[in-house]
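> The following block contains a protein sequence and its predicted model.
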Amino acid sequence: TAYLRATLNASRTRTHPLAEEFARLEDYLAVMKIRMGERLDYTLHLPDDLHEHPIPPLLLQPLVENAIRHGLEPTIAGGRIDVYAARDGNQLHLKVVDTGKGFAPTFQENFGLSQVRERLQTLYGKDSAMNLKANDAGGACVITLPIP
C-alpha cells in the first residue's frame, strides 16, 4: 500500500530527491523478493551526498522491471540486481546491473525503456544518455544526467 501511494504521489511531480527514487526501488524490490524468493537478491548503492539530488520520478523503476522480466525471471536460478548512483564531475551516473540472461543479439528496446529514453531527451536533451550493454554476468543499463 505504501509503495502504491508513494508511486502515485511521485507521478504527480516533475522531480523528487534521488533518495525517494531509491526508496521506491526498495519497496518494489521487496515486493518482487516476496514473489521470487531466493531467486532474487539485490543491493542499492546511494552515496550520502546524492540523496537530495533531484531526478524525474520513476526513472529507474522501468530499468529494474526490465532487468527482472528479461534478465532474471527467464533463468531458473534467478540472480542479482545492483543499482548504483555516482557523481563524476558534473554528471550523475545511474546504473542498473543484473546477473540474468543478458542481451540477446535480437534484443529490441521495449516500451518501458523507450519511455525512459524519451523522458531523458525531453528533460535534458543531449546532456543525457541511456546506454544498454552486456556485461560478463548479464546486462547493464546506465543513465547519465547533468548535475547543475
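Good, I have the coordinates.

> any idea which helix or strand comes after the lowest-mean-pLDDT helix or strand in the chain?
Ranked by mean pLDDT, DSSP states H and E, the weakest helix or strand in the chain is helix 2-10, scoring a mean of 61. Counting by DSSP states H and E, the element after helix 2-10 in chain order, helix or strand, is strand 16-17.

> and the residue nearest the centre of the chain, backbone torsions?
Centroid check for the chain by C-alpha atoms, centre = their mean gives Leu60 as the closest residue, at 3.0 Å. Leu60 has phi and psi values of phi -90, psi -20 when expressed as degrees, to the nearest 10.

> Provide a list of residues in contact with it.
Glu21, Phe22, Leu25, Val83, Leu94, Val96, Ile143 (C-beta atoms under 8 Å, 6 or more residues apart in numbering). In this view, the C-beta of every residue, glycine as well, is placed from N, C-alpha and C.

> starting at the chain centroid, how far to the helix or strand harbouring the first one?
This means Glu21. Per DSSP H and E: Glu21 is located in helix 18-36. Helix 18-36 has its C-alpha centroid displaced from the chain centroid by 10 Å (C-alpha atoms, centre = their mean, to the nearest Å).
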